[in-house]
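Q: Mind folding the following:
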Amino acid sequence: MSRPFASWQGPRRLAVVMAGGRSSRFAAIGMHKSMAPVQGMPVIGHVIDYWRRHADEFVFVVKNGKEALRAYVESLGIAARFVEPEALRGIANGLLAAEPLVDEPFIMVLGDCFCRGEFAVPAGFAGEHAIGVQRGASAAETRRNYSVEVEGERVVRVEEKPVQVPNDLCGTGFYFFQPGVFDAIRATPASARTGEHEITDVLRTLANGEGLRALWFDGTYININTPEDLLAVEAACGVPQDGG
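A: Numbers count the residues shown, from 1 in each chain. Sure, this is the predicted structure:
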């Protein structure tokens, strides 16, 4: 199996999965969306199934729905640890809970983001922060995620759920961070809009400081926000995963 992130990753090949959100839109079906079933497997199972090709060890940041998620993950027999922030104050704030377990480059994955496809990882990719970016996105899709503006391969601007969509580039819930991201989180103020520590604000800090690369993703990407999105995941599960 090829390992496209080999020059960038440390020996642990670590992924941090953010899976503790409130999942309020899924209350009607009586479960946290991480455990919503799709073709006999919970959403989080599909997420792990993709990313275990690129990671040998997982850290799960949990809160809501943690008991069922932890029981399921432990049944898989993968190398996994769990951390829990004191309160939900945004994705970036939640990521700080994983800092004691992270001492090398790591992939951060939002646990409600499903994909099938592959990343175009350049030769010699190492020592950088990066985000997964998809070309050809519709304006509606970008508004559900975040917009990205790129010069060369460098990210120069991101905007969460933009009103005016500048291009067809959609930021994904997949991030490739150096440990220095934790200092960037602490240096980034809470959002004036939400009062929480938003990951897109931290991306701006990185883009204006250490630098941030776009890693192009080619395939199917679904940010699961509502129970209806599970139908799109159901359809996408028929698409084979590329060896990565």
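Q: hey, let's count contacts and neighbours off CA atoms from now on
A: Will do.
Q: what about this structure, any weak spots by pLDDT?
A: Filtered on pLDDT under 70, the chain yields the residue ranges 1-2, 24-25, 27-29, 239-244.
Q: Find the centremost residue of it, please.
A: Val109 (2.7 Å; Cα atoms, centre = their mean).
Q: residue contacts, it?
A: With contact set as Cα atoms under 8 Å, 6 or more residues apart in numbering, Val109 has these partners: Ala15, Val16, Val17, Met18, Gly173, Phe174, Tyr175.
Q: From those, keep the buried residues only.
A: In terms of neighbour count (16 or more other Cα atoms under 10 Å), the buried residues within the contacts of Val109 are Ala15, Val16, Val17, Met18, Gly173, Phe174, Tyr175.
Q: and the third one, that's in a strand?
A: What that stands for is Val17. Yes. Under DSSP: H, G, I helix; E, B strand; the rest coil, Val17 sits within a strand.
Q: just checking, it touches Phe60?
A: Yes. The criterion here is Cα atoms under 8 Å, and Val17 meets it with Phe60 at 4.8 Å.
Q: hmm, which two among the buried ones among the contacts of Val109 are most spread apart?
A: Largest separation among the buried ones among the contacts of Val109 by Cα to Cα: Ala15 and Gly173, giving 12.7 Å.
Q: remind me, longest strand of the chain?
A: strand 213-223 (DSSP state E).
Q: Please enumerate residues in contact with that strand?
A: With Cα under 8 Å, 6+ apart, strand 213-223 has contacts from 112-121, 128-135, 144-145, 150, 153-155, 172-173, 229, 232-233, 236.
Q: do the same with stretch 156-172
A: Under Cα under 8 Å, 6+ apart, the answer for stretch 156-172 is 113, 131-139, 141-150, 200, 203-204, 207-208, 212, 221, 223.
Q: Among these, which ones are in strands?
A: In strands, judged by DSSP E, the following of those are found: Cys113, Ile131, Gly132, Val133, Gln134, Tyr146, Ser147, Val148, Glu149, Val150, Tyr221, Asn223.
Q: Can you show me the helices along this structure?
A: 43-51, 66-75, 91-96, 139-143, 181-187, 199-207, 229-236 (DSSP state H).
Q: ok, Phe26 - contacts?
A: Shown in contact with Phe26 (Cα under 8 Å, 6+ apart): His32, Lys33, Thr226, Pro227.
Q: Take the residues you listed and keep only those in strands.
A: Using DSSP E, none of these sit in strands.
Q: just curious, which of those is nearest to Ser7?
A: Looking across those and measuring by Cα to Cα, the closest to Ser7 is Lys33, at 33.9 Å.
Q: is it true that that closest one touches Val43?
A: Yes. Lys33 lies in contact with Val43 (Cα under 8 Å); the separation is 7.0 Å.
Q: Would you reformat the helices of the chain as TSV and include distance to Val165?
A: Shown next, in TSV, are those (distance: least, Cα to Cα, whole Å):
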stretch	distance to Val165
helix 43-51	28
helix 66-75	35
helix 91-96	23
helix 139-143	6
helix 181-187	26
helix 199-207	15
helix 229-236	22
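Q: Great, nothing more from me.
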